[in-house]
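> fold the stuff below for me.
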Amino acid sequence: MKIIHFGPEDIATSWQRIQALRDLGHQVHTVYYSRIAERVNLTKRIYRSVRRRIGFPAEQCAENRTLAEMAAALQPDVVFVEKGLTLRPATIRQLRYACPNALLICYSLDDMMNPGNQSRYYLKNLPLYDVHFTNKTYNVPELLSLGARRVELTGNAYSPHVHRPFAGSESDKQRFGCEVSFVGGFEYERAQTLNNLAEHGIPVRVWGNNWDKFRNPHQKLCIEGRPAYGDDYARVVCSSKILLGFLRKVNRDVETTRTFEIPAFGAFLLAERTEAQESLFQEGIEAEYFSDEVELIDKIKYYLQNEDKRAAIAAAGRQRCLNSGYSYHDRMEDLLNVIGCTKD
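Okay, the predicted model is just below:
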């Protein structure tokens, strides 16, 4: 199958989905709407900020023209759009005209009812796609009510190319490891919980964006001030004894990509308790969960003192990933099976 993938240039989940589609034997051509480490001057930053705030985000890569030209030339079977916040309705209609047999899909793992994840272009384009894919059950009726033709569920996932046991060196353990680690962006509630752990004598290391917003971290709370990507992410996860899993409340999350990535590394996940996560990894067998800070602190102290039980749960969590179809290869294969039934 010939696929055009429209998404960000990154080394994270978008790349992992592209790689999975290629591993499944499909030809995947890419159109980027953003670039890694792009240098942007102050004037352009202000311009982009204003455009984003009014709901019409500015292009970064001439992506509307590039997508239309590539589609006309390649005549793809599928145009796979990740969010598509900068895609104009005229571009989608042009795709329809130039590639009448192509299936147009829109894919997102974010809560697309969160205004911060939308654009006016996105809302206008909702009825123009053949099918939308979301990992959030509550987004299904919401997207349909806004005009989407069809909405299907997919799942978060891990990449077998990236999320696998990593044998770090002693130097890696010193540079990246900790008793307890968290990888993710700043949110006020997360910060207060992590501070409380530090106040109870639990050393915690934090990697992610925007933690400079946290003004008064406890002295035992080690804020790295930078994200951990690629091999550094693997070094953090595989060099730490316990990995915390917090949910993004603004996205109404009941699970996240880290729900799958951390066990896939063969690491020990201690995450916020939800019915969704409990259905994915059995509590006390394949992962651990907490409902409040008291339970969180008790479980951290218990598992730091019980290495054998911690290791057994980590190993079982990885095996669950391998056995239950949680990889992007599985998710993309399922997705393609669905879209194969949506257009004659």
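> what does the lowest-mean-pLDDT helix or strand in the chain contact?
Using mean pLDDT, DSSP states H and E, the weakest-scoring helix or strand in the chain turns out to be helix 170-176, at a mean of 89. Helix 170-176 has contacts (Cβ atoms under 8 Å, 6 or more residues apart in numbering) with 168, 228, 232, 235, 236, 239, 240. C-beta: built from backbone N, CA, C; applies to glycine.
> what about those residues, which are in helices?
Among the contacts of helix 170-176, the subset assigned to helices under DSSP state H consists of 232, 235, 236.
> and which of the residues you listed is nearest residue 190?
Of all the ones in helices among the contacts of helix 170-176, residue 236 has the smallest distance to residue 190: 16.3 Å, by Cβ to Cβ.
> the closest one reaches residue 181, doesn't it?
Yes: the criterion here is Cβ atoms under 8 Å, and residue 236 meets it with residue 181 at 5.7 Å.
> what residues are shared contacts of these two?
Residues touching both residue 236 and residue 181 (Cβ under 8 Å, 6+ apart) are 205, 207.
> show me the strands in the stretch 201-344 of the chain, by range?
With DSSP state E, counting those that start in this stretch as the criterion, the stretch 201-344 of the chain has strands at 204-207, 221-223, 240-245, 269-272, 288-290.
> what is the longest one packed up against?
Packing contacts for strand 240-245, counted by 3 or more Cβ pairs under 8 Å, 6 or more residues apart in numbering; DSSP states H and E, involve strand 178-183, helix 257-264, strand 269-272, helix 293-305, helix 307-323.
> what angle separates it from strand 178-183?
Calculated by axes from the mean of the first three to the mean of the last three Cα atoms, to 10 degrees, strand 240-245 forms an angle of 30 degrees with strand 178-183.
> report the angle between strand 240-245 and helix 307-323.
50 degrees.
> what lines up beside strand 240-245 in the sheet?
Its sheet considered, strand 240-245 pairs with strand 178-183 (parallel), strand 269-272 (parallel) by DSSP bridges.
> what angle separates the next helix or strand after the first one from strand 240-245?
Next in sequence after strand 178-183, counting helices and strands by DSSP states H and E, comes helix 188-199. Direction vectors for helix 188-199 and strand 240-245, defined by the same axes, to 10 degrees, enclose an angle of 150 degrees.
> sorry, back to before: looking at the ones in helices among the contacts of helix 170-176, which is nearest residue 298?
residue 236 (24.1 Å).
> what is the burial count for the closest one?
By the criterion of other Cβ atoms under 10 Å, residue 236 has 27 neighbours.
> hang on, residue 29 packs against residue 5?
Yes: if you go by Cβ under 8 Å, residue 29 and residue 5 touch, sitting 7.1 Å apart.
> check residue 193 and give its pLDDT.
At residue 193, the model reports a pLDDT of 96.
> what does residue 343 give?
As predicted, residue 343 sits at a pLDDT of 41.
> run a quick neighbour tally on residue 208.
Around residue 208 there are 18 other residues, counting by other Cβ under 10 Å.
> if I look at it, how far off is residue 289?
Between residue 208 and residue 289 the computed distance is 21 Å (Cβ to Cβ, to the nearest Å).
> next: residue 205.
Per Cβ to Cβ, residue 205 is found 21 Å from residue 289.
> could you do residue 304 as well?
From residue 304 to residue 289 the distance is 17 Å (Cβ to Cβ).
> residue 313 too?
Applying Cβ to Cβ, the value for residue 313 to residue 289 is 11 Å.
> who has more neighbours, those two?
Taking neighbours as other Cβ under 10 Å, residue 313 and residue 289 compare with residue 313 leading, 25 against 19.
> give the contact list for the more buried one.
For residue 313, the contacting residues are 268, 284, 285, 286, 287, 288, by Cβ under 8 Å, 6+ apart.
> how about the contacts made by the residue most central in space within the chain?
The residue lying closest to the centre of the chain (Cα atoms, centre = their mean) is residue 257, at 4.9 Å. Taking Cβ under 8 Å, 6+ apart as the contact definition, residue 257 lies against 13, 109, 156, 157, 158.
> pull the most distant pair out of the residues you listed.
With Cβ to Cβ as the measure, no two of the contacts of residue 257 lie farther apart than 109 and 158, at 12.8 Å.
> between those two, which has more neighbouring residues?
residue 158 (28 against 21).
> could you list the low-pLDDT ranges of the chain?
For the chain, residues meeting the criterion pLDDT under 70 lie at 11, 341-344.
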